[in-house]
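Colleague: got a structure for you, letters missing:
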């Protein structure tokens, strides 16, 4: 049977009278209704069976919205923290998972102590957002593992290398060694520790696995290697992956192809000062690589406004359809 999976960053999903981070940052009733309307319409267009959400403040409102649209199963594993002096101001976001099919269990993802030591992480470690790991039973009785995640962004603009497809893992490790040893990028360390901990959990999975995330990191980054590549964690002579970027394993459609065209440019999922970046991903386990039916990026709202709108989202939504028998 064909199942659609989606990742959806909701961009400050905070129902009034609540604010996000600062008291002045909140929606009016009219703005909130407009945002809800856009989200509902977007979910209908995406028509995904299972959706991982990021930037959730108002959990009950999202659960009700999803229920209204036919998603009878909903999961969150954490609650957003509020300002101690003003409980109507949210300080942290959480993740959520909505499914048309039963969520039969959820599992804790533990942080991996050896990975934290390896990355010279000196502070007390905690996931920036508690990841979701759910076991879902499909109508054909197959069980799948679905993770939802949102890594920490580099808000402090600390220096981080940008790599490309040709950069080897060895080169990445050599270039970032000094930064990691000398605490030049605490945010990168945080992401690598989180990704490594998730890798250690995912590699033990015995069932098809899907990872829905806002990675807050670009293609070919060290974070992706830490999350997916066994060679990052062990001394291997070649790459060995436990997860694969679904984008590279679907049959890409070429519209108005030209003879000189050699490749298709990947659609950005977010923009920063007019520069497009891919930071939203769907990763899949090896047993699903040949099962991809379609892969779509829903970015019409970003074509109108690359910065996104608070009444919509500043991210594109990614949907991957898989055939799971």
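Modeller: Sure thing, it's come through. These numbers were taken from a predicted model, which means no experiment stands behind them. Numbering: from 1, shown residues only.
Colleague: Pull out the buried residues from stretch 272-283.
Modeller: For stretch 272-283, burial by neighbour count (16 or more other C-beta atoms under 10 Å) applies to 276, 278, 279, 280, 281, 282, 283. (C-beta placed from N, C-alpha, C; glycine too.)
Colleague: quick one: contacts of the helix or strand of the chain with the lowest mean pLDDT?
Modeller: Ranked by mean pLDDT, DSSP states H and E, the helix or strand of the chain with the weakest confidence is helix 169-181, at a mean of 88. Applying C-beta atoms under 8 Å, 6 or more residues apart in numbering, the external contacts of helix 169-181 come out as 119-120, 159-161, 163, 184-185, 188-189, 192, 222, 225, 229, 231-232, 239.
Colleague: Of the residues you listed, which belong to helices?
Modeller: Within the contacts of helix 169-181, residues falling in helices by DSSP state H are 188, 189, 192, 222, 225, 231, 232.
Colleague: Neighbour-wise, which one of these leads?
Modeller: With neighbours defined as other C-beta atoms under 10 Å, the most crowded of the ones in helices among the contacts of helix 169-181 is residue 192; it has 27 neighbours.
Colleague: right, and that residue touches residue 223 too?
Modeller: Yes: with contact defined as C-beta atoms under 8 Å, residue 192 reaches residue 223; the gap is 6.4 Å.
Colleague: Does the residue nearest the centre of the chain lie in a helix or a strand, and which?
Modeller: Nearest to the geometric centre of the chain sits residue 213, at 1.1 Å (C-alpha atoms, centre = their mean). Here residue 213 sits within strand 209-214, counting by DSSP states H and E.
Colleague: May I have the strands that pair with that strand, each with its orientation?
Modeller: Here strand 209-214 is paired, per DSSP bridges, with strand 143-150 (parallel), strand 280-284 (antiparallel).
Colleague: how about these in JSON lines, adding distance to residue 90 and mean pLDDT?
Modeller: As requested, the strands paired with strand 209-214 are exported to JSON lines (distance: least, C-beta to C-beta, whole Å; pLDDT from 0 to 100):
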{"stretch": "strand 143-150", "distance to residue 90": "15", "mean pLDDT": "99"}
{"stretch": "strand 280-284", "distance to residue 90": "22", "mean pLDDT": "99"}
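Colleague: follow-up on the earlier one: so how far is the least confident helix or strand of the chain off the chain centroid?
Modeller: 24 Å (C-alpha atoms, centre = their mean, to the nearest Å).
Colleague: Buried residues in it, which are they?
Modeller: The neighbour-count check on helix 169-181 (16+ other C-beta under 10 Å) flags 169, 172, 176, 179, 180 as buried.
Colleague: Ok, stretch 204-216 next?
Modeller: Neighbour-count burial for stretch 204-216, counted by 16+ other C-beta under 10 Å, picks out 205, 208, 209, 210, 211, 212, 213, 214, 215, 216.
Colleague: Reformat the strands paired with strand 209-214 as TSV; add distance to residue 13.
Modeller: Converted to TSV, these look like this (distance: least, C-beta to C-beta, whole Å):
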stretch	distance to residue 13
strand 143-150	12
strand 280-284	16
